[in-house]
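S.K.: Got a sequence here, can you build the structure:
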Amino acid sequence: MDLGLRGRACVVTGASRGIGREVARLLCVEGANVLMVARNEERLAAAAEEARTSGADTGGKAEPFVLDVTAEDAGTRMLAAAEERFGALDVLVNNAGTAQWRDLDDVPDEDWRAQYELNVMAPLRAMRAAIPPMAERGWGRVVNVCSTAGKRPSSAMPEYSVAKAAELSLSRLFADRHAADGVLVNAICPGPVESEMWMEPGGLLDQSHALSGAASREEALATAGAKRPIGRLAQAGEIAAAIVFLCSERASYVSGAAWSVDGGTVQVII
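M.R.: A predicted model of the protein is given here:
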């Protein structure tokens with residue numbers, strides 16, 4: 001299926017690993033030009049090279065852009081970089097994020113604020129910068145990568161859950177405001193993913209292992225997967241495929257959605 005993304009200029013945040021890295025790669029496979037945004041320069045350079053290689057047959061391009069998305073001027077800087085390198089910005093994927101497991105009573109105020117900055121203020125600033133020129137041209141796509149925890153709060157990730165719920169509301173507000181302009185704003189709500197955030201040493205798998213009393217990391221992973229109706233955690237590419245579809249011409253009548261891509265975990269019908 002041709003997704004109609006060839007030559008489209010895209011920004012993907014949190015692009016150095018996990019879902020963001022795979023989104024950037026798949027966009028390049030579709031022939032899009034991608035500004036890959038993250039803080040870790042070395043990891044980002046490797047991810048951009050992988051994306052460029054994947055897009056070699058379709059003309060897709062990838063450029064790294066080292067940036068902390070919580071900076072107050074991050075939105076305008078991303079827009080300026082995309083316009084400088086690709087001439088415009090057509091697609092924005094707000095994916096940067098992080099989480100940790102702990103009890104509600106153990107979260108200090110600064111971490112509540114940090115999650116709000118990362119999951120609400122950073123996407124807000126990015127959309128404020130990116131959407132007006134999209135609206136002027138009459139075409140644009142924004143995908144905000146939220147979480148199942150935004151639909152059903154996780155007691156193990158309280159500040160993350162609250163921030164993701166706020167991001168879902170933010171996404172819907174921008175969707176309602178700009179759908180008539182041809183700018184379609186949607187959210188994706190993944191469950192746990194076998195990506196670096198879960199699998200790296202000290203990540204969510206190790207944290208869940210420590211709290212669950214499982215005998216090994218492997219047992220903790222199997223237990224986490226067994227909680228999903230589909231019986232396992234997601235792969236990054238499975239989430240990325242849904243995101244890239246929402247970035248495409250094919251998603252021309254999808255606006256204000258909050259798609260669960262969670263293996264059936266959250267049992268709601270909205």
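S.K.: wait, residue 164 sits on residue 119?
M.R.: Yes - Residue 164 lies in contact with residue 119 (C-beta atoms under 8 Å); the separation is 5.9 Å. (Each C-beta comes from the backbone N, C-alpha and C, glycine too.)
S.K.: Which of the two has more residues huddled nearby?
M.R.: Under the criterion of other C-beta atoms under 10 Å, the comparison of residue 164 against residue 119 puts residue 119 first, with 31 against 27.
S.K.: and that one, what does it touch?
M.R.: The contact partners of residue 119, by C-beta atoms under 8 Å, 6 or more residues apart in numbering, come to 97, 146, 160, 163, 164, 166, 167.
S.K.: List the single closest residue to residue 104 in space, sequence neighbours excluded.
M.R.: residue 158 (4.4 Å; C-beta to C-beta, 6 or more residues apart in numbering).
S.K.: right, and residue 165 touches residue 150 too?
M.R.: Yes - counting by C-beta under 8 Å, residue 165 does reach residue 150; the two are 4.5 Å apart.
S.K.: shared neighbours of these two, which are they?
M.R.: Common neighbours of residue 165 and residue 150 (C-beta under 8 Å, 6+ apart) do not exist.
S.K.: who has more neighbours, the two?
M.R.: residue 150 (25 against 19).
S.K.: would you say the more buried one is within a strand?
M.R.: No - under DSSP: H, G, I helix; E, B strand; the rest coil, residue 150 falls outside any strand and is assigned helix.
S.K.: contacting residues around it?
M.R.: Contacts of residue 150 (C-beta under 8 Å, 6+ apart): 161, 164, 165, 166, 167, 168, 189, 258.
S.K.: nearest to residue 38, of those?
M.R.: Of all the contacts of residue 150, residue 167 has the smallest distance to residue 38: 18.6 Å, by C-beta to C-beta.
S.K.: Take the helix or strand in which the closest one is found, keep the C-alpha atoms, and write them as PDB.
M.R.: Residue 167 belongs to helix 158-178 when assigned by DSSP states H and E. The C-alpha trace of helix 158-178 is given here as PDB (Å, rounded to 0.1, in the frame of the first residue of the first chain):
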ATOM      1  CA  PRO A 158       1.300   7.500  38.800                       C
ATOM      2  CA  GLU A 159       2.900  10.700  37.600                       C
ATOM      3  CA  TYR A 160       3.400   9.200  34.100                       C
ATOM      4  CA  SER A 161      -0.300   8.200  34.000                       C
ATOM      5  CA  VAL A 162      -1.600  11.600  34.900                       C
ATOM      6  CA  ALA A 163       0.600  13.300  32.400                       C
ATOM      7  CA  LYS A 164      -0.400  10.900  29.600                       C
ATOM      8  CA  ALA A 165      -4.100  11.500  30.400                       C
ATOM      9  CA  ALA A 166      -3.400  15.200  30.100                       C
ATOM     10  CA  GLU A 167      -1.700  14.600  26.800                       C
ATOM     11  CA  LEU A 168      -4.700  12.800  25.500                       C
ATOM     12  CA  SER A 169      -6.900  15.800  26.300                       C
ATOM     13  CA  LEU A 170      -4.400  18.100  24.700                       C
ATOM     14  CA  SER A 171      -4.300  16.000  21.500                       C
ATOM     15  CA  ARG A 172      -8.100  16.100  21.300                       C
ATOM     16  CA  LEU A 173      -8.200  19.900  21.800                       C
ATOM     17  CA  PHE A 174      -5.800  20.500  18.900                       C
ATOM     18  CA  ALA A 175      -7.600  17.900  16.700                       C
ATOM     19  CA  ASP A 176     -10.900  19.800  17.100                       C
ATOM     20  CA  ARG A 177      -9.300  23.100  16.500                       C
ATOM     21  CA  HIS A 178      -7.500  22.200  13.300                       C
END
